[in-house]
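Participant: Here is my input; please provide its structure:
(one chain, ligands or ions: 2)
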Amino acid sequence: MKLLVVGGGGREHAIIKKLKENPEVTEIFALPGNGGIKEDAICVNIGAKDIDGIVNFAKENKIDYVVVAPDDPLVLGLVDALEKIGIPCFGPEKKAAIIEGSKVFAKELMKKYGIPTARYETFSDMDAALSYLETAPIPTVIKADGLALGKGVIIAGTRDEAKDAVISMMKDKKFGDSGSRVVIEEFLEGPEVSVLSFTDGKTVVPMISSMDHKRALDGDMGLNTGGMGTIAPNPYYNEKTAKQCMEEIFIPTIKAMAKENRPFKGCLYFGLMLTKDGPKVIEYNCRFGDPEAQVVLPLLKTDLFSIMRAVTDERLDSINIQFSDNYAACVIMASNGYPASYQKGYEIQIPEETKQYVYVAGAKETDGKLLTDGGRVLGVTATGNTLKEAINLAYDRVCLIKFKDAFYRRDIGARALAANKTED
Ligand code: AMP
Ligand code: GLY
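Facilitator: Ligands and ions are numbered 1, 2, ... in the order given. A predicted model of the protein is given here:
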C-alpha cells in the first residue's frame, strides 16, 4: 500500500517509523518531510498547507491512504478534500478539527456539555475585554481564538500584562485573524498531563499518558516553546484519575461532538490539568502532540496502521490496543537561541546505530549532509524498564549527536522522577 504522511516534523518522523512496521505498507511519501525523514520516506516538497497541491499529488500518485498530522491542514479541510476524491484518511474533517481551530468553540462545547474546564469569558470587542480585566482575578490567562503556532496563550501575572496581551492580539493583530476573538480564563494550578486518544467518533481509546516540558530552560524557566522533551507514562496520572477523565472528559467530549454533528475521527489530544477540584481540560488538539508522539508511539505494541484504518472505517471497538509496560523519554535538541532567534545550516552528525532512536524535526539535506534548519532540530528517544533508565539512555544518546549550537534541557523527566518517589 502507498501511504502519504502530511507534515515534516519529529512527530511525523515518529508516525512514519511506526507505520513502516506494517508489512502491507510498501511505500511512504512525506509532504514535505525533512532531511532526516528522507531516510524513512520519499520526501516531496509540497507544503502541509497546500491543500490543492496535496490533493493533486495524492490523485496522480494513486495514494491508498493519507495520514494528516499537523493542525493547519486539518483545520483548513484537507481531510474533506481527500475524502471527496475517494482517498481514505486518518484525521478529523474540518467541522471536527474546529475543536482545536477555535478556542471559543472548544470552551462553548465544554460549557454546554458540562465538561470540566477553567471558567472563562469570550470577547470580540477589545474595549469590553479591557474593561473586564479591570476587575478580573489575577493571574489570568489570555488566549487567541484561532491557531497561533502554539504561541497564542499568555499567562498574565499583572493587570497591565493582561491588558498588553489583549491589545497585542486584538489591536496589533500579533496572530492575525486568530486574535480577533479572545478567551480570558481562570488561571488553574496543578500537574499537567497530555492524553492522546484514538477515536472513530463513537469509541474512544486513550493512549498511554505523557508529560511535556514546554519551557525552554531547566527548572521550567525561560520562554514557552513547542516542547523541549517528554516522558511517558505521566506519574501524576494514576488509575483513579484515568477513570475519572474517561467518565467526565473523554467520553462526554466524543458524545458532545457527535451530538453537534461533528463526529471526531482521528487522534484527539486532551491537555489536562489535575487541579485540587479534579481534572480539567486546558486545551484540545485535533492531532498527535509533538513531542508527545515521540514517547507514546514507541510504547504502542499494536500495529499503528491497523488502528488508523479501524478509526477510518469506524470499527475501533473491534481492535485491542495495547501499550508496553515500559517507560519512554524524548529529549529535544534545539538550536541555541530557540524559541527566539537562532542560526541554522550547521552539519549534524548522528552515529548510524543511534539513528533509529532519533526523530528529525528541523533539518535539511544538502549535498548529502544533514544540516540544522529549524529551532527544534531533533528528538532523541529511549525506552526502559524504569523511567530513570529511559531518561539516562536518552541522554547517553544525546551525547553521541553533534552539531554546532546544540542546546537541550538537562532535566527532562526530573519532575516525574521526583513525583514517582513521593508515590512510592
Ligand atoms: P496551550 O497553548 O493551550 O497548550 O497552552 C500553553 C500552556 O499554557 C499550557 O500547557 C499550560 O501550561 C498553560 N495554560 C493554558 N491555560 C491555562 C490555565 N487556564 N491556567 C493555567 N495555565 C494555563
Ligand atoms: N506538545 C504540545 C502540542 O503538540 O501542542
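
Participant: what does the stretch 201-350 of the chain put close to ligand 1?
Facilitator: Residues of the stretch 201-350 of the chain lying near ligand 1 by CB under 6 Å from any ligand atom: 214, 271, 282-283. (Glycine included, C-beta is placed from N, CA and C.)

Participant: Just the mean pLDDT for stretch 21-34, thanks.
Facilitator: Averaged over stretch 21-34, pLDDT sits at 98.

Participant: By mean pLDDT, which helix or strand of the protein comes out lowest?
Facilitator: helix 414-423 (a mean of 83; mean pLDDT, DSSP states H and E).

Participant: what sits up against that one?
Facilitator: Residues from elsewhere that reach helix 414-423 (CB atoms under 8 Å, 6 or more residues apart in numbering): 191, 211, 220, 231, 234-236, 238, 387-388, 391.

Participant: Residue numbers of the chain in contact with ligand 2?
Facilitator: Listed as neighbours of ligand 2 in the chain under the rule CB under 6 Å from any ligand atom: 150, 212, 227, 285, 289-290, 292.

Participant: In strands only, show me those.
Facilitator: 212, 285 (DSSP state E).

Participant: quick one on the thing from earlier: mind checking which of the contacts of helix 414-423 land in helices?
Facilitator: Counting by DSSP state H, the members of these that fall within helices are 387-388, 391.

Participant: these two touch, right, residue 350 and residue 369?
Facilitator: No: in this structure, residue 350 is not within contact of residue 369 by CB atoms under 8 Å, at 11.6 Å.

Participant: So between those two, which is more surrounded?
Facilitator: The neighbour count for residue 350 versus residue 369, taken as other CB atoms under 10 Å, is higher for residue 350 (21 against 13).

Participant: List only buried entries from the contacts of helix 414-423.
Facilitator: Buried residues within those, counting neighbours by 16 or more other CB atoms under 10 Å: 191, 211, 231, 234-236, 387, 391.

Participant: any idea which of those residues is closest to residue 14?
Facilitator: Nearest to residue 14 among these: residue 231, at 14.8 Å, using CB to CB.

Participant: Pretty sure that closest one sits against residue 295.
Facilitator: Yes: assessed by CB under 8 Å, residue 231 is found in contact with residue 295 at 6.2 Å.

Participant: Quick check: the gap between the residue in the stretch 51-200 of the chain that ligand 2 sits nearest to and ligand 1.
Facilitator: Proximity to ligand 2, evaluated over the stretch 51-200 of the chain using CB to the nearest ligand atom, is greatest for residue 150 at 5.5 Å. From residue 150 over to ligand 1 the distance is 5 Å, taken as CB to the nearest ligand atom, to the nearest Å.

Participant: Where do the helices of the stretch 51-200 of the chain begin and end?
Facilitator: Per DSSP state H, counting those that start in this stretch, the stretch 51-200 of the chain carries helices over the ranges 51-60, 71-76, 78-84, 94-101, 103-113, 126-133, 159-170.
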